[in-house]
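# Predicted coordinates and the sequence they were generated for:
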Amino acid sequence: MPTADLASSVQRFFNAAAEFFRHLSEVHWGSFGLALLCLLGMQVARAWAWRNVLAASYPEQRISFLRLAAAYLAGAGINAVIPAHAGDVTKVFLAKRQIPGSSYPAVTSSFLVQTVFDTSVGILVLLYAISQGLLPPLPEIPHLPAFELSFWTAHPKTTAFIVVGLLVAIVVGVFYLAHHVRRFWARVRQGLVILTEPRRYLREVFAWQGVGWLLRFAAFWFFLKAFGIPGTVGNVMLVMSCQAIANIIPFTPGGAGAQQALLVATLNGPTRAAVLSFSVGTQIAMAAWSIVLGFTAILLVFRTTDWRGLIRQAQEDADRDGEESGDGERNAATAGTR
């Protein structure tokens, strides 16, 4: 049963967490602290890249980096608590509030500009891991003890049906928007303006995302050292590959369970206990650090502790913005027929 498999995957995560706490005294805290600082630097670098995207979309507005960085950290903190990227909705909502005259389609598409770098580098990391034989062969994936991985690979027909259904829904949605909501597409293009200036994009966005990626690489390097595992390029790339795969379909926050299954199956050399301790310890540390930074930003910058209210307000505001766009488009169409 899928529900039982998911519960079993979560239970394995908690068992691994118990293993981590049993070996807590063996952690090298200096390397651990450096890893957390690298993660903070990564978030700041990515927030600065996003700020540059929005500055290109709204050149007439002065965009506060402090408040935008706080929105970025807040979204990351909520993502650490709730799966399915609920924090991204809040992140876009908080950013929109900082820019007078901005719209959700434009701010959302500006956020998506960063996927150009993320997708490119993510594919390269996966190709490296595959070429080096670091990941398990496809026939072994259905047997890994992780619901997110085993269910989809063990039920290819169901997976194909869902993927095709999502693709059809996307095509229908794009077709509808292209023919009925012209103003929506104009706003989307506004958020992508920086892509029309390749040199500026490479200098102000791609380069800063590269800095963030290097800091993330360094963070995993220090995490490996903190748990007594060799900090080699291969090991870091393997960890990043496993994290990317586990987060594709996040049934649990941060892909809990799937990451442990992949790392135990692929990270050769260290003992199983060491791998579990590293994997769970790193995942707990990253989630806790994101929560601390995110909720500190919400409290100090946005002067509230009601993060659930922020999510609810973000969803309501986005729905209202969509309705207003649709009303405006219909009014324009009616005026044009007179």
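That came through fine. Here the structure is a predicted model, which is why all the values come from computation and not from measurement.
# Pull the number of nearby residues for residue 169.
10 (other Cβ atoms under 10 Å). Placement of C-beta: from N, CA and C, glycine included.
# likewise residue 202?
11.
# On the pLDDT front, check it for me.
Residue 202 carries a pLDDT value of 95.
# Residue 96 now?
If you check residue 96, the pLDDT there is 87.
# One more: residue 324?
You'll see residue 324 listed with a pLDDT of 56.
# same deal with residue 161?
Looking at residue 161, the pLDDT reads 65.
# Next: residue 14.
In this model, residue 14 is scored at 66, pLDDT.
# roughly how far apart are the closest residue to residue 126 other than its chain neighbours and residue 67?
Spatial nearest neighbour of residue 126, excluding adjacent residues (Cβ to Cβ, 6 or more residues apart in numbering): residue 241 at 5.5 Å. Separation of residue 241 from residue 67 (Cβ to Cβ, to the nearest Å) stands at 34 Å.
# More neighbours: which of those two?
Taking other Cβ under 10 Å, residue 241 and residue 67 do not tie; residue 241 has more neighbours (23 against 18).
# mind checking which helix or strand that one is in?
helix 233-246 (DSSP states H and E).
# Going by neighbour count, which residues of that helix are buried?
For helix 233-246, the neighbour count (16 or more other Cβ atoms under 10 Å) marks 235-246 as buried.
# and if you look at stretch 96-107?
Neighbour-count burial for stretch 96-107 [16+ other Cβ under 10 Å]: 96-99, 102-107.
# now swap in stretch 191-200 and tell me
Buried, per 16+ other Cβ under 10 Å, within stretch 191-200: 191-195.
# Next, the distance between the ends of it.
15 Å (Cα to Cα, to the nearest Å).
# contact partners of that stretch?
52-54, 56-57, 105-113, 116, 201, 204-205 (Cβ atoms under 8 Å, 6 or more residues apart in numbering).
# of those residues, buried ones?
Using 16+ other Cβ under 10 Å, the buried ones in the contacts of stretch 191-200 are 52-54, 56-57, 105-113, 201, 204-205.
# re earlier: wait, the residue nearest to residue 126 sits on residue 129?
Yes - counting by Cβ atoms under 8 Å, residue 241 sits close enough to residue 129 to count as a contact (4.0 Å).
# need the helices for the stretch 201-338 of the chain, in chain order.
According to DSSP state H, counting those that start in this stretch, the stretch 201-338 of the chain carries its helices in the segments 207-226, 233-246, 258-266, 272-300, 307-337.
# worst average pLDDT in the ones you listed?
Among the helices of the stretch 201-338 of the chain, helix 307-337 scores lowest, with a mean of 58.
# count of neighbours near residue 36?
19.
# nearest residue to it other than its sequence neighbours?
Per Cβ to Cβ, 6+ apart, closest to residue 36 is residue 289, 5.3 Å.
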